[in-house]
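Chemist: Next come a sequence and a model predicted from it.
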Amino acid sequence: MAQGRCSAMVVTVVLCMLLLHSEMADAATYTVGDAGGWTFNVAGWPKGKRFRAGDVLVFNYSPAAHNVVAVNKAGYSTCKSPPGAKVYQTGKDRIKLVKGQNLFICSFAGHCQSGMKVAVTAV
């Protein structure tokens, strides 16, 4: 009887590993702004792309000139970072998408207002 339970547990572990592997294999990596990187007028960049939860956005930029701030809807529409917002500033930021809306702005003065913001919806 113990051997049967052990075999079932091994099968369960293997199935879980396969499921996790298949989810990770499906994740895609996208560079925001493509070759131009994270810069002005990237708001239209997501058009025509299908994003999934777990996909990774790469933000390439000069950290002396820009940053990336994950914001809520109010922060996105007003171009203001809400209290406690996550600020990225490496110049090579990798951000994993969550299901639903993922909203990002540059919080340097005038940048978001000049189109340095992007909204990505992941299914």
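Modeler: Received the coordinates, thanks. Residues are numbered from 1 along each chain as shown.
Chemist: residues near L97, how many?
Modeler: 21 (other Cβ atoms under 10 Å). Yep, even glycine has a C-beta here, placed from its N, CA and C like the rest.
Chemist: Who are the contact partners of it?
Modeler: Listed by Cβ atoms under 8 Å, 6 or more residues apart in numbering, the contact set of L97 reads F51, R52, A53, G54, D55, V56, L57, V120, A122.
Chemist: ok, K49 to C112 distance?
Modeler: Note on K49: its distance to C112, by Cβ to Cβ, to the nearest Å, is 21 Å.
Chemist: Which one's more surrounded, those two?
Modeler: Ranked by neighbour count (other Cβ under 10 Å), K49 and C112 place C112 first, with 23 against 10.
Chemist: how about the more buried one, phi and psi?
Modeler: In terms of degrees, to the nearest 10, the main-chain angles of C112 are phi -60, psi -40.
Chemist: One more: the one 4 residues further on?
Modeler: Phi and psi for M116, reported as degrees, to the nearest 10, are phi -90, psi 70.
Chemist: Count the residues that sit near it.
Modeler: For M116, the count of nearby residues is 25 (other Cβ under 10 Å).
Chemist: Could you do L103 as well?
Modeler: A count of nearby residues for L103, using other Cβ under 10 Å, gives 19.
Chemist: Next secondary structure element downstream of the helix or strand of the chain with the lowest mean pLDDT?
Modeler: Lowest on mean pLDDT, DSSP states H and E among the helices and strands of the chain sits helix 2-26, with a mean of 54. Moving toward the C-terminus from helix 2-26, the next helix or strand (DSSP states H and E) is strand 29-31.
Chemist: Next secondary structure element downstream of that following strand?
Modeler: Later in the chain than strand 29-31, the nearest helix or strand by DSSP H and E is strand 56-60.
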